[in-house]
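K.L.:
Give the three-dimensional model of this entry:
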Amino acid sequence: MRALSLAISNNVAAFRDRLRSVLTAEIAAGRLAGSTGAGMERARSSSPPVAISAPGAGQRLPTQPIDVTFKKGPERPDDIAVIVANADYSRLTRDIPNVVPADADAEGFRRYAIQFLGVREGNIIFLKDATGAQMTRVFGSDTNPRGQLADWTKPGRSRVYVYYAGHGAPGGAGGSAYLVPADADAARIELNGYPLETLYRNLARLPAVSVTVVLEACFSGNSQAGRVQPAASDIVPAAKPVPIPPNITVISGGASNQIASWEDDRKRSLFTSYFLKAMSGEADRPPYGNGDGIVDWQEARAYLNDTVTYYARRYYGRDQTPEISVGKSP
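P.N.:
This next block holds a predicted model:
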């Protein structure tokens, strides 16, 4: 009996040591919640911790943009572009799904800015998975509009282009619209989101010749990958439209209550894909344009309404109507 008890005791000790080694390896690899020190002591004395993974964690995100060729435009050494690609929310958040095509979409816009718009590479501010602090640093805050973009803008000479691919969401009792930083808390968007109203107001204060904003985002509270914010029901009120100041043109992927759809292979977004195709010259051809070699906003609107709207219904059975809005003086 003594020998049997000793054997059992040795087996239990060996199992305990093996379990401890496995837990340590899993925690070090980031697959289990916990840490060394006090966290490890809790793992030893209690049941194994539960693995917590944010939606999309470990997902390989596409980076290859749509293959389009742009007519080379004149170089404009004073023009500035800000490109924000918020694709990977799993790295800094627990419950916000990734925007799978955002990196590829942003790279497509970067090529468009350089090849067609004539923006110098050194005049592009590129933010990948931007935090709230980084967005404030570039665009300014509600109380201080002088961010990096303001410092880079040459008065009366710079044209400014802003492209954002990522989540948008409603927040607060008033239904304000927010861009969702890569480190946002989904339950507190009104506290750590970047207000769309602040973005427009600060852009309007720039001494730029013109400002163009392209939004590959929706503000319905839902997304192609799932709900952006936790809610007690499936009904999430969409954000209220934000007035667009004079001298700003906003091209958005859809209305505030619509979802920004992706291509059926999930590699790129519908709106950005067809926006870039439109600006490459496809919108200038019949039946959308007059073939004069220039894509104006009326031609672009006709092209986007025909393509994005059709494929959103074909792939997903949903409405998505891109909008082109030009701010006007009161």
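K.L.:
And the strands in the protein?
P.N.:
80-85, 124-128, 159-165, 168-171, 176-179, 194-195, 210-216, 222-223, 226-227, 248-252, 323-326 (DSSP state E).
K.L.:
would you turn these into TSV with mean neighbour count, mean pLDDT and distance to Arg266?
P.N.:
For the C-beta atoms, the positions are set from N, CA and C on the backbone; glycine is no exception. Shown next, in TSV, are the strands of the chain (neighbours: other C-beta atoms under 10 Å; pLDDT from 0 to 100; distance: least, C-beta to C-beta, whole Å):
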stretch	mean neighbour count	mean pLDDT	distance to Arg266
strand 80-85	25	98	16
strand 124-128	17	98	19
strand 159-165	25	98	14
strand 168-171	27	86	19
strand 176-179	25	92	22
strand 194-195	22	96	26
strand 210-216	23	97	14
strand 222-223	22	70	12
strand 226-227	15	62	13
strand 248-252	21	96	21
strand 323-326	16	92	24
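K.L.:
Those strands: which one's closest to Leu149?
P.N.:
strand 80-85 (5.8 Å; C-beta to C-beta).
K.L.:
Out of the strands of the chain, which gets nearest to Pro74?
P.N.:
strand 159-165 (11.8 Å).
K.L.:
now for that closest one, which elements pack on it?
P.N.:
Here strand 159-165 touches strand 80-85, helix 102-115, helix 196-204, strand 210-216, going by 3 or more C-beta pairs under 8 Å, 6 or more residues apart in numbering; DSSP states H and E.
K.L.:
ok, back up a step: include distance to Gly291 when you put the strands of the chain into a markdown table, please.
P.N.:
As requested, the strands of the chain are exported to a markdown table (distance: least, C-beta to C-beta, whole Å):
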| stretch | distance to Gly291 |
| --- | --- |
| strand 80-85 | 28 |
| strand 124-128 | 31 |
| strand 159-165 | 25 |
| strand 168-171 | 35 |
| strand 176-179 | 37 |
| strand 194-195 | 40 |
| strand 210-216 | 24 |
| strand 222-223 | 37 |
| strand 226-227 | 42 |
| strand 248-252 | 22 |
| strand 323-326 | 20 |
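K.L.:
circling back to that earlier point, as JSON lines, the helices and strands packed on strand 159-165 with distance to Thr143 would be great.
P.N.:
Below are these laid out as JSON lines (distance: least, C-beta to C-beta, whole Å):
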{"stretch": "strand 80-85", "distance to Thr143": "20"}
{"stretch": "helix 102-115", "distance to Thr143": "29"}
{"stretch": "helix 196-204", "distance to Thr143": "10"}
{"stretch": "strand 210-216", "distance to Thr143": "21"}
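K.L.:
out of the ones you listed, nearest to Thr153?
P.N.:
strand 80-85 (6.0 Å).
K.L.:
Tell me which strands the closest one pairs with, and in which orientation.
P.N.:
Here strand 80-85 is paired, per DSSP bridges, with strand 124-128 (parallel), strand 159-165 (parallel).
K.L.:
okay, these in JSON lines with distance to Val308 next?
P.N.:
Listed next are these as JSON lines, based on distance: least, C-beta to C-beta, whole Å:
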{"stretch": "strand 124-128", "distance to Val308": "25"}
{"stretch": "strand 159-165", "distance to Val308": "15"}
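K.L.:
Select, out of those, the one closest to Ala278.
P.N.:
When the strands paired with strand 80-85 are compared by C-beta to C-beta, strand 159-165 sits nearest Ala278, at 14.6 Å.
K.L.:
what angle separates the closest one from helix 102-115?
P.N.:
Strand 159-165 and helix 102-115 meet at an angle of 160 degrees, taking axes from the mean of the first three to the mean of the last three C-alpha atoms, to 10 degrees as the criterion.
K.L.:
Could I get the CA-only coordinates of strand 159-165 as PDB?
P.N.:
What follows is strand 159-165, C-alpha atoms only, in PDB (Å, rounded to 0.1, in the frame of the first residue of the first chain):
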ATOM      1  CA  ARG A 159      -5.000  71.400 -51.100                       C
ATOM      2  CA  VAL A 160      -5.800  68.900 -48.300                       C
ATOM      3  CA  TYR A 161      -7.100  65.300 -48.800                       C
ATOM      4  CA  VAL A 162      -8.200  63.100 -45.900                       C
ATOM      5  CA  TYR A 163      -9.000  59.400 -46.300                       C
ATOM      6  CA  TYR A 164     -10.300  57.300 -43.400                       C
ATOM      7  CA  ALA A 165     -10.900  53.500 -43.600                       C
END
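K.L.:
residues in contact with that strand?
P.N.:
If you take C-beta atoms under 8 Å, 6 or more residues apart in numbering as the criterion, strand 159-165 is touched by 76, 78-87, 99, 101-102, 105-106, 109, 113, 117, 119, 149, 153, 179, 199, 203, 206, 208-217, 269, 272.
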